[in-house]
Structures are given as C-alpha cells and as structure tokens.
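In: next comes the sequence, and after it the predicted model I'd like to discuss.
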Amino acid sequence: IVIDLGGGVTDVSLFRDGALAAAASLPVGSMSVTQDVAQLLKTSLDEAERLKLSHGNAYPADVSESVTAEVQQLGQPVPRPMQGRVLAEIIESRVREIARLAKQAVENGRPGSVAGVPVVLTGNGARLPGVDRVVAITFGDSSVRTMIATKGTAAISGLAAYISQTADEIAPSEASASWKDKFKNLLNL
C-alpha cells in the first residue's frame, strides 16, 4: 500500500504482485491539518502552518507535558503559550481520519483484512513526526515506512524502475552487459 499524503489530496494505491490493483484519491491532505489548527486555535493559516511544521507531531504520546509553543491568535497583540500536546491532539485527529479513509479505500479494492500489509508513506504530509505511528495503528500494526523524495530522487527512482522493467529491451548487444552499461545505453537513446 502506498499513501501519498499531499497538501490538498491523499492518493492511495494498492499494489499486488508488482502491479497496481486499486487506487483512490481522497479530498483531504496535510493542508486539512493546517486548517484544523487555524480554526481550533483561532490563528491565521500562516501561523497554523508554522506551528505544524515547527512544533507538530501526530502522535501525542511522544510529546512531553513540558513542551510548549507560542501561538499568535487572531486579534491578540501578544502570542500566548500552549501545551505542545494540545497541538498534537489536533493534528492526530485529522491524521487518524485520513488514515481511516485510506484504509477504507484499500479495503474497497482488496478482499480481506489489511492488517500486516506493508505501507509506504510519501508526500510532504508524511514528513510530520508521528504520522507513521498513527497509520501503523490504523492499519492494524502494519509495517510502515516513510519515503520522502528529495529533489531529483523521484526522477532517478522512476528511471531505475524503468530500467529494471525494460532491461531486455535496452540491453546492449553484448550478452554480458552490466546494469551500468544498460543505464548508459538508456541515457544515449
């Protein structure tokens, strides 16, 4: 299962035997988390995003009771302190909903339980600490791995996948060609 937690949408893909078996796009994403923080803490979206990125965690148990964050509320002249765990509980609520919707989407495309099926998280929303733990619990303690593409990584990964799938088509004429030769040959196409 691949869950791409983007800003406005979350894309869910189920792969079986290396092929796409089912896919869904959910109309919620990491921006939904920001909107919840803004609404519940009465802040601007910019302030909510700042709080999410600098102090956010989707798993409240990981946040010490002593952690606080300064919140600049709308219409207030000075920021006020807030417990970090309160912010985490707001974030957890939306992340748990996204994980539940992703699980339902997978169950619609796969007969049987999803418990134990490996999950890969990607997208900027997956960068938030604790998201992997919430998803693992929601999916019945599945193993969850987070893969965040850095600039250029996605293109290289895609190219590597293409090479592995089409190795016979792009192989040089010598029978003993290595993967390096195949890669060089592909780049020369």
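Out: Sure thing, it's come through.

In: the residue nearest to residue 7 when sequence neighbours are not counted - how many residues pack around it?
Out: On the basis of Cβ to Cβ, 6 or more residues apart in numbering, the spatially nearest residue to residue 7 that is not a chain neighbour turns out to be residue 31, at 4.6 Å. Bear in mind the C-beta positions are built from the backbone N, C-alpha and C, glycine included. If you count neighbours by other Cβ atoms under 10 Å, residue 31 ends up with 18.

In: which residues of this protein score low on pLDDT?
Out: Scanning the chain with the threshold set as pLDDT under 70 gives 111, 149-189.

In: ranges for the strands of it?
Out: In the chain, strands defined by DSSP state E lie at 2-5, 10-16, 19-26, 68-71, 80-83, 119-122, 144-146, listed in chain order.

In: residue ranges for the helices of the chain, please.
Out: Across the chain, reading from the start of the chain, the helices by DSSP state H fall at 30-41, 45-55, 84-109, 131-138, 153-165, 167-170, 179-187.

In: next one: the residue most central in space within the chain from residue 65, what distance?
Out: What sits nearest the mean C-alpha location of the chain, by Cα atoms, centre = their mean, is residue 126, with 3.1 Å. Note on residue 126: its distance to residue 65, by Cβ to Cβ, to the nearest Å, is 26 Å.

In: follow-up on the earlier one: hmm, the residue nearest to residue 7 is touching residue 5, no?
Out: No: with contacts defined as Cβ atoms under 8 Å, residue 31 does not count as touching residue 5, sitting 10.4 Å away.

In: how far out from the middle of the chain is stretch 114-132?
Out: In terms of Cα atoms, centre = their mean, to the nearest Å, the centre of stretch 114-132 is found 5 Å from the chain centre.

In: start and end of it, how far apart?
Out: Looking at stretch 114-132, the gap from its leading to its trailing residue is 16 Å under the measure Cα to Cα, to the nearest Å.

In: contacts for it?
Out: 1-7, 10, 29-30, 33, 52, 56-60, 62, 88, 91-92, 95, 103, 106-107, 110, 135-136, 139-149 (Cβ atoms under 8 Å, 6 or more residues apart in numbering).

In: is it possible to mark the buried ones in the residues you listed?
Out: Among the contacts of stretch 114-132, those buried by neighbour count (16 or more other Cβ atoms under 10 Å) are 1-6, 10, 29-30, 33, 52, 56-60, 88, 91-92, 95, 103, 106, 135-136, 139, 142, 144, 146.

In: now the phi/psi pair for the nearest residue to residue 107 once chain neighbours are set aside, please.
Out: In this structure, residue 107 finds its nearest non-sequential neighbour in residue 114, 6.1 Å apart by Cβ to Cβ, 6+ apart. Main-chain dihedrals, residue 114, degrees, to the nearest 10: phi -100, psi 0.
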